[in-house]
Each structure stands twice: as structure tokens, then as C-alpha cells.
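*Asks:* Need a 3D model of the following:
(one chain, ligands or ions: 2)
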Amino acid sequence: MKPASRHQRRLEQAAAACARDGVRLTNIRRQVLGLILAAEEPVGAYALLDRLKADKANATPVTVYRALGFLQEQGLIHKVERLNAFVGCIEAGESHRHDHAVQFLICRSCRAVTEMEDDGIAASVSTAARRSGFVPDHATVEVEGLCAACHGK
Ligand SMILES: [Zn+2]
Ligand SMILES: [Zn+2]
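*Replies:* Ligands and ions are numbered 1, 2, ... in the order given. All right, here's what the predicted structure looks like:
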């Protein structure tokens with residue numbers, strides 16, 4: 001499948017998921033999601049704003065942050081805190097969960113980010129936190145290192 005049509009398909013799945021959940025994937029939300037899916041790497045809010053402005057000259061940071069907030073809430077994108085940037089959720093299809101456990105493998109050389117969803121890791125973090133009397137809501141684990149391609153060099 002060509003990358004362009006893959007993005008298109010993911011956008012359609014996102015629209016279907018929003019319709020199912022009774023929320024609106026407005027034009028601007030759809031555009032921001034499209035830009036994130038089309039990006040080759042995690043993309044920051046201001047880079048998104050720049051790209052959005054090519055099409056919508058009156059776009060502001062608030063426009064972008066609101067759309068990002070919505071997309072995160074819907075589980076369609078994740079924020080990679082370490083990079084202060086956003087990626088599309090790998091499992092944002094028909095059956096995706098809004099708040100699934102997420103771990104990121106972040107390559108320090110090429111910045112490639114791989115999303116994992118390992119319930120075992122999530123359970124370990126939760127158990128360890130509770131042992132300290134802490135009640136966790138949500139945990140994102142970010143692991144920095146070298147991806148397979150960069151490691152092989
Ligand atoms: Zn995800
Ligand atoms: Zn790499």
C-alpha cells in the first residue's frame with residue numbers, strides 16, 4: 001500500500017471511530033491528524049502550525065493545541081514527552097482503546113519512535129507504584145536507545 005493511501009485509510013478509520021463515539025472530527029482536527037500521520041517522524045505543535053498555515057493562514061497556536069487535545073483524548077495520537085512531539089497511535093483503528101498502555105522506543109540517532117503496547121509492562125509499573133501506596137492513572141514509558149537500523153551501522 002502506498003503511504004498516501006495508508007494515511008487516507010487511517011483518517012477514515014479515525015472518522016469512523018469518532019462517529020461511533022458521538023464526537024466530531026471537525027475539519028481542523030482532521031487536518032491536524034492528517035499532518036501527523038503524513039509526517040515521517042514525531043512532529044511538534046509549532047511544526048504542525050507552520051504546515052497548517054500553508055492551507056489555513058489564520059491558524060493560531062490555540063487552534064493547534066485544541067485539536068491536539070481532542071485527538072489525544074480520543075486516543076488517535078500520543079504525545080512523546082521526551083521529544084515534545086506527537087505521533088499517530090498504531091492501533092487507532094475500529095477497535096482501539098482510548099487509554100491503552102503505551103511504551104515508546106525512541107532512537108537517539110534517527111529519532112524514529114516505535115510504539116509498543118505491552119500489558120505486562122503496564123501491569124508491572126502499576127504493581128510497583130501501588131506497592132509505594134501510589135494510585136496510578138496512566139503511565140507512558142519512554143525508552144531511549146538505538147533502533148535496529150542505527151544499531152546495525
Ligand atoms: Zn497507541
Ligand atoms: Zn535509529
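*Asks:* Would you map the strands across the protein?
*Replies:* Using DSSP state E, the strands assigned to the chain run over residues 77-80, 85-88, 102-107, 113-116, 140-145.
*Asks:* Pretty sure residue 149 sits against residue 114.
*Replies:* No - look at residue 149 against residue 114 with Cβ atoms under 8 Å: they stay out of range, at 11.1 Å. To be clear about C-beta, it is placed using only N, CA and C from the backbone, and glycine gets the same treatment.
*Asks:* and the two? which has more neighbours close in?
*Replies:* More crowded of residue 149 and residue 114, by other Cβ atoms under 10 Å: residue 114, with 14 against 11.
*Asks:* What's opposite the more buried one in the beta bridge?
*Replies:* Residue 114 has the following beta-bridge partners by DSSP bridges: residue 105.
*Asks:* Might you report the residue contacts of it?
*Replies:* 104, 105, 147 (Cβ atoms under 8 Å, 6 or more residues apart in numbering).
*Asks:* if you set the cut-off to 10 Å instead, what comes out?
*Replies:* By Cβ atoms under 10 Å, 6 or more residues apart in numbering, residue 114 lies in contact with 87, 90, 103, 104, 105, 106, 107, 143, 147, 148.
*Asks:* Also residue 138?
*Replies:* 99, 100, 101, 102, 122.
*Asks:* Show me what from this protein comes close to ligand 2.
*Replies:* 107, 109, 110, 112, 147, 150 (Cβ under 5 Å from the ion).
*Asks:* repeat that with 6 Å
*Replies:* Counting by Cβ under 6 Å from the ion, the residues of the chain lying close to ligand 2 are 107, 109, 110, 112, 146, 147, 149, 150.
*Asks:* Mind putting the residues you listed into JSON lines with pLDDT?
*Replies:* Output for the residues of the chain next to ligand 2, formatted as JSON lines (pLDDT from 0 to 100):
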{"residue": "107", "pLDDT": "95"}
{"residue": "109", "pLDDT": "94"}
{"residue": "110", "pLDDT": "91"}
{"residue": "112", "pLDDT": "91"}
{"residue": "146", "pLDDT": "97"}
{"residue": "147", "pLDDT": "96"}
{"residue": "149", "pLDDT": "95"}
{"residue": "150", "pLDDT": "96"}
